[in-house]
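>>> A predicted structure for the sequence below; I have some questions about it.
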Amino acid sequence: MEELESLARFLIDKYWKKLKKKKNVIGYSGKLQPRIRNGKILKDTLVFRVYVSKKEPPQALSKKDLIPEFLSSSYEQIPTDVVEIGEIKALYNDPKKRYRPLVGGISAMHYKGTACTNGLLFRDEETGEILVAQNNHCCALENKARIGDPILQPSPYDGGTVKKDKVGELYKFIQLKFNEFKCPYRNFFHRIYRIFKESPKNKVDIGFYKPTVEAKQEILDMGKITGKTVPKIGDKVWKVGRTTSYTDHGIVMDLDWNGSVQYSRGVCFFTDCILVQGKKFSQGGDSTSFVQKGDKTIGSLFAGSDTHSIICKIENIEKIGKVKLI
């Protein structure tokens, strides 16, 4: 096998200068790989994989653009496999800019806030209204906002103003239940209250605003989503957020995370959340980013550290918020 790999590297160096000049060719695999057929990996044969932006039938190509079926040396032939992966582009759109129509992953927040990320579209089960999801602390300022308050895109910190950038109004939100408050007086009375009541727990940090401009069920640079899913431990996930834009190195570590989250008003305890590991997978301003496994969402990012991010599960957002993902 090592000899075959060495031969493959030799042939790659020999043939790549010619291959890269052929129509649609954009890359190759540096190691021998299994053949791919109809989206499935076949493990019976190792091949030299050539990546193209668009796979065309041989009769549609000129002779000089045909990729050989084998890379040949004097004593060995290695089959090739042509795989279409589309046109690869840098993700250059700035989430902090102004976007119309609205999409997920861009800067948006309550008009008295700083900066957060815009969420996905949901339908209210009681009224049928189409709503945009945002964390409570983004659209409702940790319970302090009023229904009907303006939501701006971009966020106030990114230059958004009520006069020019209002894109919706706060429609409803799920109250955050605090275990501790930073205000000493409020905290004193809250501790007395807790003598008689169990410490409150949260499952979601979520609210919804009604858009007043066109909104699409898409994520910036990444296109449409196709629904929701329940991830498994070890799954790789991605997101687009206002601050760190596109990150795809998150790994699902826990499907039942329980713990405390610090807010500007105090501390809330959360249960039944998803823990994602990934250094700088998210940072401040990425709150509300919907985290995706493939083209399906697993929930909304609402808190984290430099190495881990906490996600509200999509099923809890729907059930507690009385909404359905569109």
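Everything's here; your move.
>>> measure Asp235 to Gly27 for me?
For Asp235, the distance to Gly27 under the criterion C-beta to C-beta, to the nearest Å works out to 26 Å. Placement of C-beta: from N, CA and C, glycine included.
>>> residues near Val213, how many?
Residues contacting Val213 under the criterion other C-beta atoms under 10 Å number 13.
>>> wait, a helix at it?
No: following the definition DSSP: H, G, I helix; E, B strand; the rest coil, Val213 is coil and is not counted among the residues of a helix.
>>> how about the nearest residue to it, chain neighbours excluded?
Take Val213 and drop its neighbours on the chain: the residue closest to it by C-beta to C-beta, 6 or more residues apart in numbering is Val167, 4.9 Å away.
>>> same thing with Leu32?
Here the residue nearest Leu32, using C-beta to C-beta, 6+ apart, is Leu46, at 4.1 Å.
>>> correct me, but that neighbour touches Lys31?
No: with the criterion set as C-beta atoms under 8 Å, Leu46 and Lys31 do not qualify as a contacting pair; they are 9.0 Å apart.
>>> neighbour count: these two, which is higher?
Leu46 (18 against 12).
>>> the more buried one in helix, strand or coil?
When states are read from three-state DSSP, the local structure at Leu46 comes out as strand.
>>> contacts only, for it.
Counting by C-beta atoms under 8 Å, 6 or more residues apart in numbering, Leu46 touches Leu4, Leu32, Gln33, Pro34, Arg35, Ile78.
>>> what's the spacing between the residue nearest in space to the middle of the chain and Val52?
The centre of the chain sits closest to Lys239, judged by C-alpha atoms, centre = their mean, with a distance of 1.8 Å. Counting by C-beta to C-beta, the separation of Lys239 from Val52 is 29 Å.
>>> repeat for Val132
Applying C-beta to C-beta, the value for Val132 to Val52 is 38 Å.
>>> give me the more crowded residue out of these two.
Set Val132 next to Val52 and count neighbours by other C-beta under 10 Å: Val132 wins out with 25 against 19.
>>> I'd say the more buried one and Leu121 touch.
Yes: contact status for Val132 versus Leu121: in contact at 6.1 Å, counting by C-beta under 8 Å.
>>> what touches both of those two?
Shared contacts of Val132 and Leu121 (C-beta under 8 Å, 6+ apart): Ala215.
>>> so where's the stretch 1-150 of the chain shaky on pLDDT?
Applying pLDDT under 70 to the stretch 1-150 of the chain picks out residues 1-12, 73-75, 87-92.
>>> helices of that one, start to end?
With DSSP state H, counting those that start in this stretch, the ranges of helices along the stretch 1-150 of the chain come out as 2-19, 136-139.
>>> need the residues that contact the last one.
Okay, so that is helix 136-139. 108-110, 113, 116-117, 142-143, 145, 151, 170, 173-176, 205-209, 263-264, 287-288, 302.
>>> who are the contact partners of Gly104?
Thr117, Asn118, Gly119, Leu120, Gln217, Glu218, Ile219, Leu220, Val240, Ser289, Phe290.
>>> which one among these gets closest to Trp16?
Val240 (33.0 Å; C-beta to C-beta).
>>> okay, now that closest one: neighbour count?
Around Val240 there are 27 residues (other C-beta under 10 Å).
>>> go ahead and confirm it touches Ile225.
No: using C-beta under 8 Å as the test, Val240 is too far from Ile225 to be in contact (11.1 Å).
>>> give me the common contacts of the two.
Taking C-beta under 8 Å, 6+ apart as the contact rule, the neighbours common to Val240 and Ile225 are Ile219.
>>> now do the same contact list for the spatially closest residue to Lys54 that is not a sequence neighbour.
Spatially, and ignoring its direct neighbours in sequence, Lys54 is nearest to Asn24 (5.0 Å; C-beta to C-beta, 6+ apart). With contacts defined as C-beta under 8 Å, 6+ apart, the neighbours of Asn24 are Val52, Ser53, Lys54, Lys55, Glu56, Asp65.
>>> swap in Arg146?
Taking C-beta under 8 Å, 6+ apart as the contact definition, Arg146 lies against Leu170.
>>> narrow the contacts of Leu46 to those in strands?
When strands are assigned by DSSP state E, the members of the contacts of Leu46 inside them are Gln33, Pro34, Arg35, Ile78.
>>> thought the third one was touching Ser29?
It stands for Arg35. No: assessed by C-beta under 8 Å, Arg35 is found out of contact with Ser29, at 11.6 Å.
>>> surely Asp205 is within a helix?
No: per three-state DSSP, Asp205 lies outside any helix segment and is coil.
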